[in-house]
Structure formats: C-alpha cells, structure tokens
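Engineer: Quick one: sequence plus predicted model below, questions after.
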Amino acid sequence: MSLVSIGNVLVDRVVLQAEFSCDLQQCRGACCVEGELGAPLSPDEALQLETAPDELIRMLPDRNIRYLHRYGAVEVYQGTQYTRTIEGRECVFAVIQDGVTLCAVELASREGILLFDKPLSCRLFPIRVRRKFGLDHLVYEQHHMCRSARKLGGERRTRLVDYIYRALEAAYGVEWAKSLKAFVDSSPET
C-alpha cells in the first residue's frame, strides 16, 4: 500500500483517490448497526457519553435506555474505548426514523441539546485512524455496506477527502486539512 505523509499524518493513497457520498436511502444507516464494536472514542468523548444528559437519553428507544442503565454507554476493548453496542450489533445511541438508523447524539447536537457532535470516528467514517511508525495513519475501510456510497460518490464525482473534510479539520486542524486538499488537488493520480 502506498503511503503519503501530510505533516505528521500518514495517509493511504487510496484515501486520496476514493470517491464517496453516503446514500442513507440505500444503506439505511448500516454503519450504526454492523460491526463487532461500536465507534472508537477519545477519552473526552467517552466521558461525555457516560454523562449524557437526560434529554439525549429520552430520544432513545426503551430497549436502548434499559441497556444504557444496565451496562453504560462505553465499553473497553484492548485498551480502547468504544460506544456500547446492544448484543454486539447496533450502537446504544442508534435510533430509527423512517426505516433509517440514525445517531441520537448527532440529532441531539443539531437540536441544541448537546454541545458536542457525534464521535469523531463516526464523522471520519469510512476512514479509520490507525497508528504506524508512531504516527496517525488514515486507512480507508471499504465495507460492503458502503457500496452504494462509493457508487453515488462516483456518480457525483465527490472525493472522499472532500466528503469528510470538516471531520478532517476537527481531527487535525484547518491548516493540515488545507495541506491535504492542496496535495490531492495537485496530484495527477487523483
């Protein structure tokens, strides 16, 4: 796999070349349901979710509320904190509206109930942050559930880095994101 170094972050070249645009009408929010673990969390995000306000909790289905009260909002696997999942499936903060699974944290943020958005790892998805040579390493996880997002991104000519640009700014800063975008814009392979 070919890597590019942008500042102190390693980026797989496929990240720079991919086209992507979520297609919720096709995938129905599968990323909030599928997978072995919930969303990776920073310590600050984990604390905020563990102390989530009642207004957020009331947005959840009864089953999720019971699960939260019994097990909490966060689980730890190999030293990393993740959103709790219900029986290894959907995120405990998942809600269904019109047949589409959505994030209650994101909805609460949009409504002004929370001062924070959904976890950064969710906003970066389908990019995952790994560690390589002591640096962050951005990897594109090409899940089957996102097949329609890849197709729609291709039809719209939406680059993955443009689609998640605000999340990249949140993760690494405005200047870093500008550097990444400048690299992608000037690269003949993308």
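Structural biologist: Looks like it arrived, so ask away.
Engineer: Okay, now stretch 75-91: how far is its last residue from its first?
Structural biologist: Terminal residues of stretch 75-91 lie 11 Å apart, using Cα to Cα, to the nearest Å.
Engineer: Show me which residues of that stretch are buried.
Structural biologist: Going by neighbour count (16 or more other Cβ atoms under 10 Å), the buried part of stretch 75-91 is 75, 81-86, 90-91. Any C-beta I mention is one placed from the backbone N, CA and C, and that applies to glycine too.
Engineer: just how off-centre is it within its chain?
Structural biologist: 14 Å (Cα atoms, centre = their mean, to the nearest Å).
Engineer: And for stretch 145-153?
Structural biologist: The answer for stretch 145-153 is 15 Å, by Cα atoms, centre = their mean.
Engineer: Tell me which entries of the buried residues of stretch 75-91 lie within strands.
Structural biologist: Among these, the members found in strands (DSSP state E) are 75, 81-83.
Engineer: Relative to residue 172, which of those is nearest.
Structural biologist: residue 81 (20.5 Å; Cβ to Cβ).
Engineer: what residues does the lowest-mean-pLDDT helix or strand in the chain touch?
Structural biologist: Across the helices and strands of the chain, mean pLDDT, DSSP states H and E gives its lowest value to helix 24-27, namely a mean of 88. With Cβ atoms under 8 Å, 6 or more residues apart in numbering as the test, helix 24-27 has contacts from 100, 145-146, 148-149, 152.
Engineer: Now name the helix or strand holding the nearest residue to residue 117 once chain neighbours are set aside.
Structural biologist: The spatial neighbour of residue 117 that comes closest, neighbours along the chain excluded (Cβ to Cβ, 6 or more residues apart in numbering), is residue 109 at 4.8 Å. Residue 109 belongs to helix 104-110 when assigned by DSSP states H and E.
Engineer: same question, residue 148
Structural biologist: helix 147-156.
Engineer: which helices and strands sit right next to that helix?
Structural biologist: helix 24-27 (3 or more Cβ pairs under 8 Å, 6 or more residues apart in numbering; DSSP states H and E).
Engineer: How about stretch 26-35, which residues are buried there?
Structural biologist: Neighbour count says stretch 26-35 has 27-33, 35 buried, by 16+ other Cβ under 10 Å.
Engineer: Now it - C-alpha only, CSV.
Structural biologist: Coordinates of each C-alpha in stretch 26-35 appear next as CSV, following Å, rounded to 0.1, in the frame of the first residue of the first chain:
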residue,chain,number,x,y,z
GLN,A,26,-29.7,2.6,0.2
CYS,A,27,-27.7,1.6,3.3
ARG,A,28,-30.3,2.6,5.8
GLY,A,29,-27.6,3.6,8.3
ALA,A,30,-25.9,0.2,8.4
CYS,A,31,-22.7,1.7,9.9
CYS,A,32,-24.6,2.3,13.2
VAL,A,33,-25.6,-1.4,13.2
GLU,A,34,-22.9,-3.5,11.6
GLY,A,35,-19.5,-4.4,13.1
